[in-house]
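1. below: sequence and its predicted model.
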Amino acid sequence: MIDINLIRTDPEKVRENIRKKFQEKKLPLVDEALNLDAKRRALIIEGDKLRAARNALSRQVGALMKEGKKEEAEKVKAEVAADAARLAEIEKETEETDGALKKVMMSIPNIIADDVPIGKDDSQNVELKRFGEPYVPPFEVPYHLDILEKLDGIDVDSARRTSGQGFYYLTGDIARLHSAVLTYARDFMIDKGFTYVIPPYMIHGDVVSGVMSFDEMDNMMYKIEGEDLYLIGTSEHSMIGRFMGQIIDGNKLPLTLTSYSPCFRKEKGAHGIEERGIYRIHQFEKQEMIVVCRPEESEAWYEKLWNYTVELFRSMEIPVRQLGCCSGDLADLKYKSCDVEAWSPRQKKYFEVGSCSNLTDAQARRLSIRYKDSDGKIKLAHTLNNTVVAPPRMLIAFVENHLQEDGSVTIPAVLQPYMGGKTAILPKK
């Protein structure tokens, strides 16, 4: 959520930002916000005047009563009662206007960075850097599900019977590899100075609306029927929600946290949920990184975070690239975002395995996440998040890039200690 002061002082900047995101239908929201803000301020002024007048009249009633002028005092009391009635109306109207203004403000997208490429959708995202040499082996690379099945590592047919499309069982060495990568990613981030956290996997609705846009909420979140609880789509949700309404000691910033969680997503409107495979699914596990920092630090942390993901994948000998997300592909709260994509030898192209975002103060304003600086001033923090690793997509990249002609999958040195010293996973005969 952006600052109302920006709409007051430079509404055209806000409109131009909406145009850059190709959300012209939201342009009327700027005038709506201005009108609601003007109404709200007028109500506050009227309320303050009435309170001052009520206090003055109350003192007048006391003076008249002391002088024995009861009849005049009763007339003044009637004025006080009328003012009190109007004040109650104003307070109710102010509350309603506040709610309407907040709803409008939460629908206006965050201002994007100057270097965000302008484009309508993800087809116009821009490759920025490559890391590692993409390699296509001299033999055919099967579909990832076929590879995993030959390794006796996955059972999707049983999962369809128990849970439906978009679920799977991992078994044997592949299940162990899945856990090994998550444990390695945890230790990798701890070695970078991050604090490891296991957060709640369900959160209240006010946290959900604070950490994401309404469209994201509708497309992603599973709600617990009859309760004000949602299953998290990523640990970022509960990790950022942890600081809701808090004033953090500025001396403790930046907060650098890495969190593990299962993730649950409806994937409403997404393509590929019915496809055979594990690229897009309803349940998976992920290691995440979260930073809460001062505004002047967030750009530098953005660069650090996505580079950590690159470093992790390169340590597992998987070629990756950084893809800058264009304006139309940015969720409303994002100032800037990039994807880390892994190389697919089978498809001979890259695919997304992680996403890094700087949300500036958009989440912090929604959730009232603030810090006290050394000068004693209370300021809004900046929040960032980034995927360390999400094993379902990582597994696709892993088995494709480490597949050998005999059907075995080699294990890079960094993971061998987490795999009991194994150097390869062999196909079952």
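-> That came through, no problem.

2. wait, Ala185 touches Thr387, no?
-> No. Using C-beta atoms under 8 Å, Ala185 is not in contact with Thr387, being 9.6 Å away. C-beta coordinates here come from the backbone N, C-alpha and C atoms, glycine included.

3. who touches both of the two?
-> Taking C-beta atoms under 8 Å, 6 or more residues apart in numbering as the criterion, Ala185 and Thr387 both touch Gln287.

4. got the residue ranges for the strands in the stretch 51-200 of the chain?
-> In order along the chain, the stretch 51-200 of the chain carries the following strands (DSSP state E, counting those that start in this stretch): 126-131, 154-155, 169-170, 195-197.

5. a markdown table for those strands, including mean pLDDT and mean neighbour count?
-> Formatted as a markdown table, those follow (pLDDT from 0 to 100; neighbours: other C-beta atoms under 10 Å):
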| stretch | mean pLDDT | mean neighbour count |
| --- | --- | --- |
| strand 126-131 | 97 | 13 |
| strand 154-155 | 95 | 20 |
| strand 169-170 | 96 | 17 |
| strand 195-197 | 98 | 14 |
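
6. any chance of these in TSV, with distance to Ile396 too?
-> As requested, the strands of the stretch 51-200 of the chain are exported to TSV (distance: least, C-beta to C-beta, whole Å):
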stretch	distance to Ile396
strand 126-131	18
strand 154-155	11
strand 169-170	13
strand 195-197	26
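
7. nearest to Ile44, of these?
-> strand 195-197 (40.4 Å; C-beta to C-beta).

8. circling back to that earlier point, out of the strands of the stretch 51-200 of the chain, the one nearest Glu72 is which?
-> Among the strands of the stretch 51-200 of the chain, the nearest to Glu72 by C-beta to C-beta is strand 195-197 (67.3 Å).

9. for the following helix or strand past the closest one, the distance to its chain's centre please.
-> Next helix or strand after strand 195-197 toward the C-terminus (DSSP states H and E): strand 202-203. From the chain centre to the centre of strand 202-203 is a distance of 14 Å (C-alpha atoms, centre = their mean, to the nearest Å).

10. ditto for stretch 194-210
-> Worked out by C-alpha atoms, centre = their mean, stretch 194-210 lies 10 Å from the chain centre.

11. tell me which residues in that stretch are buried?
-> Phe194, Val197, Pro199, Pro200, Tyr201, Met202, Ile203, His204, Val207, Val208, Ser209, Gly210 (16 or more other C-beta atoms under 10 Å).

12. and for stretch 137-156?
-> 141-142, 144-151, 153-154, 156.

13. ok, stretch 182-189 next?
-> Quick answer for stretch 182-189 (16+ other C-beta under 10 Å): Leu182, Tyr184, Ala185, Arg186, Phe188, Met189.

14. same question for stretch 211-220.
-> Neighbour-count burial for stretch 211-220 flags Val211, Met212, Ser213, Met217, Asn219, Met220 (criterion: 16+ other C-beta under 10 Å).

15. how about these, which pair is most distant?
-> Val211 and Asn219 (14.1 Å).

16. where does pLDDT dip in the chain?
-> Where the chain drops to pLDDT under 70, the residues are 54-55, 57-67, 70-71, 73-74, 76-77, 80, 268-276.

17. span of stretch 378-391 from start to end?
-> 39 Å (C-alpha to C-alpha, to the nearest Å).

18. now that stretch: how far from the chain's centre is it?
-> From the chain centre to the centre of stretch 378-391 is a distance of 8 Å (C-alpha atoms, centre = their mean).

19. I'd like the numbering to begin with 494 instead of 1 from here.
-> Sure, I'll start numbering at 494, so the last one becomes stretch 871-884.

20. got CSV for the buried residues of stretch 687-703, with distance to Cys818 too?
-> Shown next, in CSV, are these (distance: C-beta to C-beta, whole Å):
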residue, distance to Cys818
Phe687, 24
Val690, 26
Pro692, 25
Pro693, 28
Tyr694, 27
Met695, 29
Ile696, 25
His697, 29
Val700, 24
Val701, 22
Ser702, 23
Gly703, 22
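
21. just name the closest of those to Ala874, please.
-> Gly703 (13.2 Å).

22. beyond the host helix or strand of that closest one, next helix or strand please.
-> Using DSSP H and E, Gly703 sits in helix 698-704. As assigned by DSSP H and E, the chain's next helix or strand after helix 698-704 is helix 707-713.

23. kindly export that next one (C-alpha atoms) in PDB.
-> Only the C-alpha atoms of helix 707-713 are listed here, as PDB (Å, rounded to 0.1, in the frame of the first residue of the first chain):
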ATOM      1  CA  PHE A 707      -6.600  -9.300  -3.200                       C
ATOM      2  CA  ASP A 708      -6.100 -11.000  -6.500                       C
ATOM      3  CA  GLU A 709      -3.200 -13.000  -5.200                       C
ATOM      4  CA  MET A 710      -5.300 -14.000  -2.100                       C
ATOM      5  CA  ASP A 711      -8.200 -15.200  -4.300                       C
ATOM      6  CA  ASN A 712      -5.900 -17.200  -6.600                       C
ATOM      7  CA  MET A 713      -3.700 -18.800  -4.000                       C
END
